[in-house]
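Novice: Next one to model:
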Amino acid sequence: MAADHIARSYDEELRKLNNAIVEMGGLAEGQLSAAIQAVAERDSELAAHVVEGDARVDQLEREVDNLGIRLLALRQPVARDLRAIFAALKIASDLERICDYAANVAKRSIALAQSPPVQPVRSLPRMARLAERLVKDVIDAYVERDAAKAYAVWNRDQELDDMYASLFRELLTYMMEDPRSISACAHVLFMAKNIERIGDHATNIAEQLYYLVHGTPIVGARPKGGTSSLDIMQPEPAGP
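Specialist: So this is what the prediction gives:
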C-alpha cells in the first residue's frame with residue numbers, strides 16, 4: 001500500500017513538472033504573438049502588457065527548478081524518467097529565454113512607435129510567425145513525445161536564419177538610401193535578431209526532446225542559414 005502511494009505521488013510530481021513546461025510553452029507562444037502584434041499595430045499598451053507578462057514565466061521556471069531538484073533528490077530517478085527531468089530543467093531555461101526575447105521585441109516596439117514608420121518593418125511579422133510556429137511545434141512535440149516532429153523543428157531553424165539574413169540586407173539598404181531612418185531601422189534590426197535567437201532556443205528544445213525520446217543526441221551539425229557574415233549583430237541581453 002505504501003509503495004502504491006509513493007508511486008502515485010511520484011507520478012503526480014512528474015505530471016506537475018510536465019504541465020509546468022506546457023504552460024511555459026503556451027506563454028512563450030502568446031508572448032511572441034502579442035509582441036509582434038504590438039509592432040505591427042504600433043500598440044505601446046499591448047507591448048507594455050507583454051513586458052509585464054514576463055514575470056509569470058520567471059515564476060514558472062522557478063517552480064520547474066524546485067520540482068526538478070526535489071525529484072532528483074528524493075526519488076532518485078533512472079533511465080527515461082531521469083532524462084525527462086533533466087530535459088525539463090533545460091527546456092524551462094530555453095522557454096524563459098524565449099519569453100525574455102519576446103519582451104525585448106515588445107520594449108523595442110514602444111521606442112519604434114515614436115518614430116515614423118519604416119517599410120522593412122513589414123517583413124518582421126512573417127519572420128516572427130515562423131518563429132512562433134517553431135515554438136508551437138516543438139511544444140506539441142514535447143506533449144506528444146514526438147521525436148520526428150522535434151527533428152523537423154531542428155531542421156527548419158535554417159529557414160528562420162535565411163529570413164533574418166534577408167531582412168538584415170534589406171534594412172542596410174534602406175538605411176543607406178535614407179539616413180533619417182537609421183534610428184528606427186536599428187530597432188528593427190535588434191527585434192529581428194531577438195526573433196532569430198528565439199528560433200535557436202526552439203532548436204535547443206528540439207534537441208533535448210529528441211534525446212529524451214531516444215536516449216541519444218541528434219547526429220550531425222545543426223543546420224544554419226547564411227548568417228555567418230552577420231555575427232557582428234548580437235541580440236541584446238535577455239531579461240532585465
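
Novice: so what's the most centrally placed residue in the chain closest to, chain neighbours aside?
Specialist: Of all residues in the chain, the one closest to the mean position by C-alpha atoms, centre = their mean is I98, 3.1 Å from it. In this structure, I98 finds its nearest non-sequential neighbour in A28, 4.6 Å apart by C-beta to C-beta, 6 or more residues apart in numbering. Just so you know, the C-beta spots here come from the backbone N, C-alpha and C atoms, and that holds for glycine as well.

Novice: Would you confirm that that neighbour contacts A92?
Specialist: No: in this structure, A28 is not within contact of A92 by C-beta atoms under 8 Å, at 10.6 Å.

Novice: So these two - more neighbours on which side?
Specialist: Between A28 and A92, counted using other C-beta atoms under 10 Å, the more crowded position is A28 (29 against 25).

Novice: Tell me which residues of the host helix or strand of the more buried one come out buried.
Specialist: Secondary structure from DSSP states H and E places A28 in helix 2-41. Within helix 2-41, the residues scored as buried using 16 or more other C-beta atoms under 10 Å are 13-14, 17-18, 20-21, 23-25, 27-29, 31-39.

Novice: Please apply the same query to stretch 142-160.
Specialist: Y142, D146, A147, K149, A150, Y151, V153, W154, R156, D157, Q158, L160.

Novice: if I pick E12, what's in contact with it?
Specialist: By C-beta atoms under 8 Å, 6 or more residues apart in numbering, the contact list for E12 is empty.

Novice: which residues of the chain score low on pLDDT?
Specialist: 1-7, 225-240 (pLDDT under 70).

Novice: mind listing the helices for this protein?
Specialist: 2-41, 44-75, 79-112, 124-144, 147-177, 182-214 (DSSP state H).

Novice: Turn these into CSV, columns for distance to K224.
Specialist: Converted to CSV, those look like this (distance: least, C-beta to C-beta, whole Å):
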stretch, distance to K224
helix 2-41, 21
helix 44-75, 27
helix 79-112, 17
helix 124-144, 14
helix 147-177, 6
helix 182-214, 9
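
Novice: For G220, which of those is the nearest?
Specialist: helix 147-177 (9.6 Å; C-beta to C-beta).

Novice: Mind giving me the packing neighbours of that closest one?
Specialist: Here helix 147-177 touches helix 124-144, helix 182-214, going by 3 or more C-beta pairs under 8 Å, 6 or more residues apart in numbering; DSSP states H and E.

Novice: Figure out how far it is from the centre of its chain.
Specialist: 15 Å (C-alpha atoms, centre = their mean, to the nearest Å).

Novice: Let me know the angle separating it from helix 182-214.
Specialist: 170 degrees (axes from the mean of the first three to the mean of the last three C-alpha atoms, to 10 degrees).

Novice: Does D200 touch R156 like I think?
Specialist: No: counting by C-beta under 8 Å, D200 stays clear of R156, with 12.0 Å between them.

Novice: buried sites along stretch 80-97?
Specialist: For stretch 80-97, by 16+ other C-beta under 10 Å, it's 83-97.

Novice: Likewise for stretch 165-172?
Specialist: Neighbour counts over stretch 165-172 (16+ other C-beta under 10 Å) mark A165, L167, F168, E170, L171 as buried.

Novice: Just give me the closest of those to R180.
Specialist: Distances from R180 to the buried residues of stretch 165-172, taken by C-beta to C-beta, are shortest for L171, at 13.9 Å.

Novice: who's in contact with that closest one?
Specialist: L171 touches P120, C185, V188, L189, A192, counting by C-beta under 8 Å, 6+ apart.

Novice: Which one of those sits in the busiest neighbourhood?
Specialist: Ranking those using other C-beta under 10 Å puts A192 first, with 29 neighbours.
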